[in-house]
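1. Sequence and predicted structure below; questions after.
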Amino acid sequence: MIGRLRGTLIDKQPPWLLLDVAGVGYELEASMTTLVALPGVGEDVVLHTHLTVRDDAHLLYGFAREQERALFRALIKVNGVGPKLALAILSGMDEDAFIRCVMDDDVKSLTRLPGVGKKTAERLIVEMRDRFPHWEAETPAAGVAPSTGSAPEPRQEPLAEAEAALVSLGYKPAEAARMLAGLEEEGSTEAIIKAALARRMAG
């Protein structure tokens, strides 16, 4: 089991990351929460990881914080919740916000997440109440080891990358376009995605 990786961030094309570890490139999928927390391409990072082995693929997921990985692992134990939906949930809200939704029976907020209907939201609330790990406070910089490095030019426009990332999370193209309307000036892909998700969760 691969539980932790430290290396140089080679590429960041949400929701995918490419990490160079001693000359080996590891491709990982990450939540938008982790992507926003990471430094730029060319920097050193530490990621907590979860490996899923399927008949047709070995899939590696990366997390900036152990707490986020712990919640991911708890989510995929819920009936009907796979890794893709778990990442979508973690992209739309952080761990504390999710805990509040569960403890407050906040079905409405959960149904704003892609792929989460009313029945799924109710099941999450019922099944997750007793599954929370023992959270420990972490600093905002946890999981990131700063260093120097130059970042190459992005391959796509930030807005196009942001739209592709939202669609990969489960939002329909038309919905993703509405979420991104007017956010061109937010800057980086990660900043645009963060603003779009915040807008969506605000209703």
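-> Thanks, I have it. Numbering: from 1, shown residues only.
2. is it fair to say Tyr26 lies in a helix?
-> No - remark: Tyr26 does not belong to a helix; assigned using DSSP: H, G, I helix; E, B strand; the rest coil, it is strand.
3. From Met201, how far out is it?
-> Tyr26 sits at a distance of 31 Å from Met201 (criterion: C-beta to C-beta, to the nearest Å). All C-beta atoms are positioned from the backbone trio N, CA, C, and that covers glycine.
4. okay, those two: which has more neighbours?
-> Using other C-beta atoms under 10 Å as the criterion, Tyr26 and Met201 rank with Tyr26 on top: 17 against 13.
5. Show me what the more buried one bridges to in the sheet.
-> For Tyr26, the beta-bridge partners are Leu19 (DSSP bridges).
6. any idea how far Ile192 is from it?
-> 26 Å.
7. in stretch 184-194, what counts as buried?
-> Glu186, Ser188, Thr189, Glu190, Ile192, Ile193, Lys194 (16 or more other C-beta atoms under 10 Å).
8. so which of those comes closest to Arg6?
-> Comparing the buried residues of stretch 184-194 against Arg6 with C-beta to C-beta places Glu190 closest, at 20.9 Å.
9. show me the contacts for that closest one.
-> Contact analysis of Glu190 by C-beta atoms under 8 Å, 6 or more residues apart in numbering lists Pro14, Met32, Leu35, Val36.
10. Let's see the strand or helix carrying it as CSV, backbone CA atoms only.
-> Using DSSP states H and E, Glu190 sits within helix 189-201. The C-alpha trace of helix 189-201 is given here as CSV (Å, rounded to 0.1, in the frame of the first residue of the first chain):
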residue,chain,number,x,y,z
THR,A,189,-7.5,27.5,-12.4
GLU,A,190,-7.6,26.6,-8.7
ALA,A,191,-8.9,30.1,-7.7
ILE,A,192,-11.7,29.9,-10.3
ILE,A,193,-12.8,26.4,-9.2
LYS,A,194,-12.8,27.5,-5.6
ALA,A,195,-15.0,30.5,-6.3
ALA,A,196,-17.3,28.5,-8.5
LEU,A,197,-17.8,25.8,-5.8
ALA,A,198,-18.4,28.5,-3.2
ARG,A,199,-21.0,30.1,-5.4
ARG,A,200,-22.7,26.7,-5.9
MET,A,201,-22.8,25.9,-2.2
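11. Rounded mean pLDDT for that helix, please.
-> The average pLDDT for helix 189-201 rounds to 82.
12. From Val107, how far off is Thr120?
-> Separation of Thr120 from Val107 (C-beta to C-beta) stands at 10 Å.
13. Settle it for me: which of the two has more neighbours?
-> Thr120 (20 against 17).
14. Pull up the gap between the more buried one and Gly3, please.
-> When Thr120 is compared with Gly3 (using C-beta to C-beta), they lie 29 Å apart.
15. Not counting sequence-adjacent ones, nearest residue to the residue most central in space within the chain?
-> By C-alpha atoms, centre = their mean, the chain has its centre lying nearest to Ser31, at 0.9 Å. Distance criterion C-beta to C-beta, 6 or more residues apart in numbering; nearest residue to Ser31, sequence neighbours excluded, is Leu90 at 3.9 Å.
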